[in-house]
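Peer 1: Structure, please.
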Amino acid sequence: MEVTSIEQNIIFMLINLGYAVISLFISVVALVIIDKFIFKNVDFIEEIKKGNIAVAIFQSVILLFIGVVVSSAMT
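Peer 2: Sure, this is the predicted structure:
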């Protein structure tokens, strides 16, 4: 049986989807670990609810950093 280019593309898309799901899971776990152990005295969610934009930007930068580290580790 021959593998066509469409089947190859579907297989590669499924592999990439798997990598994306794994990296998303690792990123969320890493963010929770950073929140619980490194920043014990700061409740980021409560600060964001209060309207603290700096905390929201800080959380976003942490998540982007984790994403860069995870993506570079998976390639």
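Peer 1: shaky segments in this protein?
Peer 2: 1, 3, 74-75 (pLDDT under 70).
Peer 1: Which neighbouring elements make contact with the helix or strand hosting residue 26?
Peer 2: For residue 26, the element it lies in under DSSP states H and E is helix 5-33. Using 3 or more Cβ pairs under 8 Å, 6 or more residues apart in numbering; DSSP states H and E, the elements in contact with helix 5-33 are helix 53-74. Quick note: C-beta positions are derived from backbone N, CA and C, even for glycine.
Peer 1: Please pull up the helix or strand immediately following the helix holding residue 26.
Peer 2: Elements were assigned by DSSP H and E; along the chain past helix 5-33, the next helix or strand is helix 44-49.
Peer 1: if we look at that following helix, which residues are touching it?
Peer 2: The contact list for helix 44-49, computed with Cβ atoms under 8 Å, 6 or more residues apart in numbering, reads 35, 55-56, 58-59.
Peer 1: What residues sit buried inside the helix holding residue 26?
Peer 2: Neighbour counts over helix 5-33 (16 or more other Cβ atoms under 10 Å) mark 23, 26-27, 30-31 as buried.
Peer 1: Taking these together, which two end up most distant?
Peer 2: 23 and 31 (12.3 Å; Cβ to Cβ).
Peer 1: what's near enough to touch the nearest residue to residue 63 once chain neighbours are set aside?
Peer 2: Take residue 63 and drop its neighbours on the chain: the residue closest to it by Cβ to Cβ, 6 or more residues apart in numbering is residue 31, 5.9 Å away. By Cβ under 8 Å, 6+ apart, residue 31 lies in contact with 59, 62-63, 66.
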